[in-house]
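[1] after the sequence you'll find the predicted model.
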Amino acid sequence: MKLQARVALIVCVAAASVPCSAQDGAALFKTYCSRCHEAGEQQPAPSRDTLKQLSPEQIVTALEKGAMNAQGAERSRAERRALAEYLSGKPLDTMVNPIPRSAFCQSPEAPFRSAATGPSWNGWGVTAQNTRFQSAGAAGLSPDDVPRLKLKWAFGFPGATSASAQPVVFAGRVYVGSWEGDLYSLDANTGCIRWMMETEAGIRSAVTIGKAATGAGYAAYFGDLAANVYAVDAGTGKLLWKVKVDDYPLARVTGSPTLREGRLYIPLSAREESQVADPTFVCCKFRGNVVALDATTGKRIWKTYVIEQEPRPTQKSRAGTQLWGPAGAGIWNSPTVDPKQNAVYVGTGNSYSFPPVKTTDAIVALDMKTGKIRWVRQMTDLDVWNGGCRVGDPIVCSEDAPDYDFGASPILVERKDGGRILLAGNKSAILYALDPDRDGKIVWQQKIGRGGTSGGILWGPATDGQAIYAATTDVVRAANGRDIDPNIGGGITAVDIGGGDKLWSTPHPPCGDRRPCSPTQPAAVSAFPGVVFSGSNDGHIRAYASKDGKIIWDYDTVHEFRSVNGVKASGGSINNGGPAIAGGMLFTNSGYSHHSGIIPGNVLLAFAVQ
């Protein structure tokens with residue numbers, strides 16, 4: 001691909017019949033904006049008629065830098081443009097690429113297919129069993145190397161206030177998506193851009209890469225926050241196919257696709273439960289599900305809702321809003337594959353509305369071939385939680401509902417005695433060991449923290465086959481429900497997978513004078529032999545010795561960086577995805593302004609021994 005083609009505005013490589021950013025401004029407004037802007041006499045925001053008097057540029061500015069920047073941060077660049085054009089009724093001037101020409105790679109690289117045999121961190125958990133553990137050879141690092149890790153390069157995501165997707169390393173490149181709706185393929189050694197494309201919505205999922213069925217190369221698969229799944233040529237960025245996997249307006253792909261023998265397994269969640277803070281919101285109709293796609297064509301093979309019954313009208317809230325149910329059981333995590341049982345395992349979230357069901361806050365096993373649910377192991381029942389719980393309406397949610405989602409992927413491992421075990425942790429701060437060959441029977445469980453609605457184990461532990469290493473959040477909020485205590489929370493614990501005994505536990509270092517700050521550790525843990533890495537909401541990435549939990553390396557990401565792509569970049573809270581370790585380098589995103597995030601940022605950092 002010629003350089004001119006790569007840098008022409010915001011690049012979107014697509015088949016002519018399937019545009020990458022085909023946004024419907026009217027649908028976006030109805031889904032995300034109408035409750036405030038079309039509320040009649042009680043309207044808290046400007047009306048449609050008022051907004052129509054503005055230019056599209058003014059609306060984009062309000063969404064990105066003005067009074068609506070918090071709401072705008074939830075939408076991708078393409079979605080903000082579509083809203084601006086719809087509301088103003090005028091076309092938006094072509095936006096210039098904020099990334100300079102010099103950010104694109106000038107030198108040729110090794111042939112992609114030969115480079116694909118090199119060290120990689122592929123997908124969310126490195127393996128289809130989601131161990132998040134890298135072998136010593138592929139890591140290219142030893143425990144003695146870790147204290148000598150230094151920053152090699154930094155890459156800034158233009159326009160973003162969060163950088164949290166799991167980086168992926170493959171064929172000498174780093175693949176990473178952004179909340180702004182861009183997917184990048186970067187040179188792992190230098191950070192220069194090999195190619196980039198704009199997607200329809202923001203990207204939180206990791207990229208999963210596998211051989212294309214035609215044998216012509218490799219395909220990269222990922223999802224976005226508008227419930228689209230994409231397949232692109234991993235070498236060039238050419239779009240191979242794009243499909244919508246759920247039509248519910250608030251549905252999204254948060255968890256990462258898992259690839260196995262020509263099939264993609266896609267988890268579906270939704271940003272619905274938080275909307276119930278608005279008493280006029282009709283809660284709730286989304287049901288978590290898994291979709292299996294043909295990796296070659298994107299054709300759907302099966303789709304399984306973990307709540308079998310379709311939602312129906314139930315009661316009315318105190319505000320007189322009609323409620324629906326059952327709903328919920330969002331699947332936030334990457335599916336785990338069990339070739340022996342021909343099964344796929346996922347963790348589910350809470351119920352969004354009444355009536356409660358038995359497949360929420362559970363580990364669910366599905367048949368890989370048919371999608372049929374084989375067994376369910378629920379850990380918390382009657383957990384009907386949503387954003388309306390804070391107003392104390394017992395019809396809206398359960399009293400003292402804990403919101404104990406399984407945000408983390410289950411991990412399948414073999415124990416030293418040859419037995420198989422399925423490990424899982426959720427927001428209760430409890431680690432569970434299940435027997436995958438006995439319908440998920442609980443083998444042991446161990447509580448490692450306080451747990452809570454914003455606490456416990458959030459995005460995932462790692463295991464080396466002997467111990468499981470789990471970080472905890474355990475957020476403590478002030479009485480106003482917003483401010484976070486800067487002195488409480490966090491920590492990482494090692495537990496023996498054979499019997500569930502605690503091996504060690506290392507508390508989070510104090511925040512000191514940093515404000516805002518939170519000592520919580522929500523990001524996924526990553527490991528290689530002898531070392532465990534964990535990121536924190538205080539902006540630090542730390543390495544722990546796996547034998548005793550001693551901190552052996554600590555890097556503070558909360559400052560400005562000189563980025564290789566010329567974009568103003570700074571670090572912040574580390575949340576969601578964890579570090580990727582491959583080829584003697586470590587890659588981590590930094591910055592999080594959403595939900596439990598404390599410090600915004602927009603940078604991908606690459607470290608190597610120097």
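    Here it is on my side, so go on.
[2] looking at the protein, which helix or strand is least sure?
    helix 3-7 (a mean of 31; mean pLDDT, DSSP states H and E).
[3] what comes into contact with whatever helix or strand comes next after it?
    Downstream of helix 3-7, the first helix or strand assigned by DSSP states H and E is helix 25-32. For helix 25-32, contacts defined as CB atoms under 8 Å, 6 or more residues apart in numbering pick out H37, Q71, E74, R75, E79, A82, L83, E85, Y86, L87, P249, L250. C-betas here are computed from N, CA, C, even on glycine.
[4] which of those sit farthest apart?
    The most widely separated members of those, counting by CB to CB, are E85 and L250 (22.1 Å).
[5] please save the CA atoms from stretch 219-229 in CSV.
    Provided in CSV are the C-alpha atoms of stretch 219-229 (Å, rounded to 0.1, in the frame of the first residue of the first chain):
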residue,chain,number,x,y,z
ALA,A,219,-7.1,-12.4,9.3
ALA,A,220,-7.6,-10.2,12.3
TYR,A,221,-11.0,-10.4,14.1
PHE,A,222,-12.5,-7.9,16.6
GLY,A,223,-15.7,-6.3,17.7
ASP,A,224,-16.9,-2.8,18.4
LEU,A,225,-19.3,-1.0,20.8
ALA,A,226,-22.1,-1.0,18.2
ALA,A,227,-22.2,-4.9,18.2
ASN,A,228,-20.3,-5.2,14.9
VAL,A,229,-17.7,-7.8,14.3
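[6] relative to the whole chain's centre, how far out is it?
    Averaging C-alpha positions (CA atoms, centre = their mean, to the nearest Å) puts stretch 219-229 12 Å from its chain's average.
[7] give the rounded mean pLDDT of stretch 554-562.
    Regarding stretch 554-562, the rounded mean pLDDT is 98.
[8] give me the residues contacting that stretch.
    Applying CB under 8 Å, 6+ apart, the contact partners of stretch 554-562 are 149, 151, 154, 156, 509, 514, 538-543, 568-572, 574, 588, 590, 599, 601, 603, 605, 607.
[9] C-alpha coordinates for that stretch, CSV please?
    Taking C-alpha atoms only, stretch 554-562 is exported to CSV below (Å, rounded to 0.1, in the frame of the first residue of the first chain):
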residue,chain,number,x,y,z
ASP,A,554,7.2,0.0,39.2
TYR,A,555,6.6,2.5,36.4
ASP,A,556,4.4,5.6,36.9
THR,A,557,2.5,6.3,33.7
VAL,A,558,0.8,9.5,34.9
HIS,A,559,2.6,12.2,32.9
GLU,A,560,2.9,13.5,29.4
PHE,A,561,4.8,11.6,26.8
ARG,A,562,6.5,12.5,23.5
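[10] mind checking how far that stretch is from the chain centre?
    22 Å.
[11] buried residues in it?
    Y555, T557, V558, F561 (16 or more other CB atoms under 10 Å).
[12] got it, and stretch 371-382?
    For stretch 371-382, by 16+ other CB under 10 Å, it's G371, I373, R374, W375, V376, R377, Q378, M379, T380, L382.
[13] I'd like those residues laid out as CSV, including distance to T258.
    Formatted as CSV, these follow (distance: CB to CB, whole Å):
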residue, distance to T258
G371, 14
I373, 17
R374, 17
W375, 19
V376, 19
R377, 20
Q378, 23
M379, 22
T380, 25
L382, 30
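[14] of all those residues, which two lie farthest apart?
    Pairwise distances across the buried residues of stretch 371-382 peak at 27.0 Å for G371 and L382 (criterion: CB to CB).
[15] re the thing from before, ok, so of the buried residues of stretch 554-562, who is nearest A319?
    Using CB to CB, these come closest to A319 at V558, 41.1 Å.
[16] can you pull out the strands in the stretch 401-550 of the chain?
    411-414, 420-425, 430-435, 441-447, 462-463, 467-471, 492-496, 502-506, 526-528, 531-535, 540-545 (DSSP state E, counting those that start in this stretch).
[17] then the third one to PDB, C-alphas only?
    In PDB, the C-alpha atoms belonging to strand 430-435 read as follows (Å, rounded to 0.1, in the frame of the first residue of the first chain):
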ATOM      1  CA  ILE A 430     -14.200 -14.900  45.400                       C
ATOM      2  CA  LEU A 431     -12.000 -17.200  43.300                       C
ATOM      3  CA  TYR A 432     -13.800 -20.400  42.300                       C
ATOM      4  CA  ALA A 433     -12.400 -23.700  41.000                       C
ATOM      5  CA  LEU A 434     -14.900 -25.800  39.100                       C
ATOM      6  CA  ASP A 435     -14.700 -29.300  37.600                       C
END
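[18] so how far is T473 from D556?
    As defined by CB to CB, to the nearest Å, D556 lies at a distance of 19 Å from T473.
[19] tell me the helix or strand right after the helix or strand harbouring M196.
    M196 is part of strand 193-198, with elements assigned from DSSP H and E. Sequence-wise, the next helix or strand downstream of strand 193-198 (DSSP H and E) is strand 208-211.
[20] for that following strand, what is the average pLDDT?
    94.
[21] residues contacting it, please?
    By CB under 8 Å, 6+ apart, the list of residues contacting strand 208-211 reads 120, 122-124, 168, 170, 175, 217-222, 234, 256-259, 264, 295.
[22] which residues of the stretch 401-550 of the chain score low on pLDDT?
    478-482 (pLDDT under 70).
[23] more neighbours: E85 and L250, which one.
    L250 (20 against 17; other CB atoms under 10 Å).
[24] how near is that one to Y352?
    Counting by CB to CB, the gap from L250 to Y352 is 11 Å.
[25] cool, L239 as well?
    L239 is 34 Å from Y352, by CB to CB.
[26] okay, the angle between the longest helix seen in the chain and helix 25-32?
    Across the chain, the longest stretch assigned as helix under DSSP state H is helix 77-88. Angle of helix 77-88 versus helix 25-32, following axes from the mean of the first three to the mean of the last three CA atoms, to 10 degrees, is 100 degrees.
[27] please save the CA atoms from helix 77-88 in PDB.
    Extracted as PDB, the C-alpha positions of helix 77-88 are listed here (Å, rounded to 0.1, in the frame of the first residue of the first chain):
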ATOM      1  CA  ARG A  77     -15.500   9.800  16.400                       C
ATOM      2  CA  ALA A  78     -17.800   8.500  13.600                       C
ATOM      3  CA  GLU A  79     -20.800   8.500  15.900                       C
ATOM      4  CA  ARG A  80     -20.200  12.100  17.000                       C
ATOM      5  CA  ARG A  81     -19.900  13.200  13.300                       C
ATOM      6  CA  ALA A  82     -23.200  11.400  12.500                       C
ATOM      7  CA  LEU A  83     -25.000  13.000  15.400                       C
ATOM      8  CA  ALA A  84     -23.700  16.500  14.400                       C
ATOM      9  CA  GLU A  85     -24.900  16.200  10.800                       C
ATOM     10  CA  TYR A  86     -28.300  14.800  11.800                       C
ATOM     11  CA  LEU A  87     -29.000  17.400  14.500                       C
ATOM     12  CA  SER A  88     -27.800  20.400  12.400                       C
END
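[28] next, the angle strand 193-198 makes with it.
    30 degrees.
[29] list the contacts of helix 77-88.
    Contacts for helix 77-88 (CB under 8 Å, 6+ apart): 10, 20-21, 23-26, 28-29, 33, 48, 51-52, 54-60, 63-64, 72, 75, 91-92, 95, 159, 180-182, 198-201, 226.
[30] just stretch 449-457 next, same as before
    So stretch 449-457 is in contact with 385, 402-404, 407-408, 425-431, 448, 470-475, 477, 489, 491, 493, 520, 596, going by CB under 8 Å, 6+ apart.
[31] I appreciate the help and will end here.
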